[in-house]
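Enquirer: sequence first, then the predicted structure, then my questions.
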Amino acid sequence: MGAELIEQPNVGGKRGARILPLDKETARAQVVRSYIFQELEEDARNPGDRSDIFPPDVDRFLRIVHTVSRAITFKDHEDFCNSCYRMSFEKIITNASTYTADAYVRDVLLLEGKVAIPPAKNIKSYVFGYPLQTQRNEGDIRYRVYLNPRPQHAVAVYRGLLDGNPPIVWSKLADHELLITCRDALVVYVASGSALAEILARLRSYQWDNSDHFFDEVPVMTKPADDLAGVGWAVDLPMTKGGGHVYAHWEAKGEEWQRGRRWIMDGTSADVNLSHSQWRSIFVLSALRKSAKGDISALRTELARIGDAAGLAPQAMFARPTIGPELVTLLENELFPEVTSGS
């Protein structure tokens, strides 16, 4: 899918110069964002081959990553998920990084008493959680609601959502780096369709007076909520105890094959617990690999075939996938990437 990425501080000019690389991982993401920025500009001038197989926002994403993947090789699904799949096109275009980390820490302190706030120097990922209790029954989660607030309004949105007694099993707000770059800065987990409806109603009430607090963009392959900007939802896929068909595939391959591959999860547990974004990243990355020598229509065809194996229609990739033997076989290279010297 392209030559191996060489770290470059300012590919494409102006976009690369806007983001200060904090470490090697951030520098790599900066390069990917530079390529995305260039392709967004080109797509706006010349959108090329559009299709209604997938929803318009998904098709736009596929057009962009189809071209970007010709220039960049993604190491694995985590690399693709974090540096491409989750990237907010709107935040890239509008330079959301003008909202500083210091301003964010100041605003987050307004949540004190409602969420878990670690020392700012330890903030690395999603860390601000509600409810405060550490014990929660993740088996109760049925839906995930994703919010894409403008960075400077993220804390206000979270405070508004938490007023009263919302029917939330768990929720989390991103750290500053994710807040200014990703589509899924705020995630809410609920246990039922009625709880989902109540959360969406709360957000409609909030947006009635604060319509400018959100980007009109949702995470890829979530369902845009009716009458809301920047809010999408998806059906949750719970942890598969014992790994199900994923682990069965791994075991059937035998030890010699396993030595050259990596198990999909960190550690040695057979349990498989991948998020909505991780599974969809695996789907798209596999489709990119299978269509590497083809045009954008080939990518759409491969992704639709993978979706079909997962029991997902192209217009409903937000639903709960079925992880069966056919799907695992299609995704083998992404679920169990080859071990390399850099792994």
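Expert: Looks like it arrived, so ask away. Numbering: from 1, shown residues only.
Enquirer: which stretches of this protein form helices?
Expert: 14-18, 24-45, 56-71, 77-80, 89-94, 101-108, 154-162, 176-179, 193-209, 244-259, 276-290, 296-309, 325-330, 332-335 (DSSP state H).
Enquirer: nearest to D140, of those?
Expert: D140 sits nearest to helix 193-209 of all the helices of the chain, at 9.8 Å, using C-beta to C-beta. Bear in mind the C-beta positions are built from the backbone N, C-alpha and C, glycine included.
Enquirer: now the closest one against helix 154-162, angle please.
Expert: Orientation check (axes from the mean of the first three to the mean of the last three C-alpha atoms, to 10 degrees): helix 193-209 against helix 154-162 gives 130 degrees.
Enquirer: ok, which stretches of the stretch 101-250 of the chain are strands?
Expert: Here the stretch 101-250 of the chain has its strands, by DSSP state E, counting those that start in this stretch, at 128-130, 143-147, 170-173, 186-190, 223-224, 231-235.
Enquirer: can you list those strands in JSON lines and add mean pLDDT?
Expert: Formatted as JSON lines, those follow (pLDDT from 0 to 100):
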{"stretch": "strand 128-130", "mean pLDDT": "73"}
{"stretch": "strand 143-147", "mean pLDDT": "97"}
{"stretch": "strand 170-173", "mean pLDDT": "87"}
{"stretch": "strand 186-190", "mean pLDDT": "94"}
{"stretch": "strand 223-224", "mean pLDDT": "98"}
{"stretch": "strand 231-235", "mean pLDDT": "98"}
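Enquirer: CSV for the ones you listed, including mean neighbour count and distance to N95?
Expert: Output for the strands of the stretch 101-250 of the chain, formatted as CSV (neighbours: other C-beta atoms under 10 Å; distance: least, C-beta to C-beta, whole Å):
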stretch, mean neighbour count, distance to N95
strand 128-130, 19, 24
strand 143-147, 24, 20
strand 170-173, 22, 21
strand 186-190, 23, 20
strand 223-224, 18, 24
strand 231-235, 23, 23
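Enquirer: need those strands in CSV (columns: distance to H153).
Expert: Formatted as CSV, the strands of the stretch 101-250 of the chain follow (distance: least, C-beta to C-beta, whole Å):
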stretch, distance to H153
strand 128-130, 15
strand 143-147, 10
strand 170-173, 12
strand 186-190, 11
strand 223-224, 19
strand 231-235, 13
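Enquirer: quick one: the nearest residue to D227 once chain neighbours are set aside from A229, how far?
Expert: Once flanking residues are discounted, D227 sits nearest to R204: 5.8 Å by C-beta to C-beta, 6 or more residues apart in numbering. Taking C-beta to C-beta, to the nearest Å as the measure, R204 falls 10 Å from A229.
Enquirer: do V145 as well
Expert: Distance, V145 to A229, using C-beta to C-beta: 14 Å.
Enquirer: do the same with L330
Expert: The value you get for L330 to A229, if C-beta to C-beta is used, is 35 Å.
Enquirer: quick one, which of these two is more surrounded?
Expert: L330 (21 against 18; other C-beta atoms under 10 Å).
Enquirer: any idea how far the more buried one lies from E302?
Expert: 9 Å.
Enquirer: was I right to think the residue nearest to D227 contacts S211?
Expert: No - R204 lies out of contact with S211 (C-beta atoms under 8 Å); the separation is 10.5 Å.
Enquirer: neighbour-wise, which of these two wins?
Expert: R204 (14 against 11).
Enquirer: next one: that one from D226, what distance?
Expert: R204 is 9 Å from D226, by C-beta to C-beta.
Enquirer: what does R262 give?
Expert: From R262 to D226 the distance is 41 Å (C-beta to C-beta).
Enquirer: looking at the two, which is more packed in?
Expert: Neighbour tally, R262 and D226, criterion other C-beta under 10 Å: the higher count belongs to R262, 15 against 8.
Enquirer: wait, the more buried one touches F336, no?
Expert: Yes - using C-beta under 8 Å, R262 is in contact with F336, at 6.4 Å.
Enquirer: what about the closest residue to L40 other than its chain neighbours, how many neighbours?
Expert: Nearest residue to L40, sequence neighbours excluded (C-beta to C-beta, 6+ apart): F89, at 5.8 Å. By other C-beta under 10 Å, 20 other residues sit near F89.
Enquirer: same question for P131.
Expert: For P131, using other C-beta under 10 Å, the count is 16.
Enquirer: run through the residues that contact it.
Expert: For P131, the contact set (C-beta atoms under 8 Å, 6 or more residues apart in numbering) comprises I168, W170.
Enquirer: point out where the stretch 1-150 of the chain drops to low pLDDT.
Expert: Residues of the stretch 1-150 of the chain meeting the criterion pLDDT under 70: 1-26, 116-127, 132-139.
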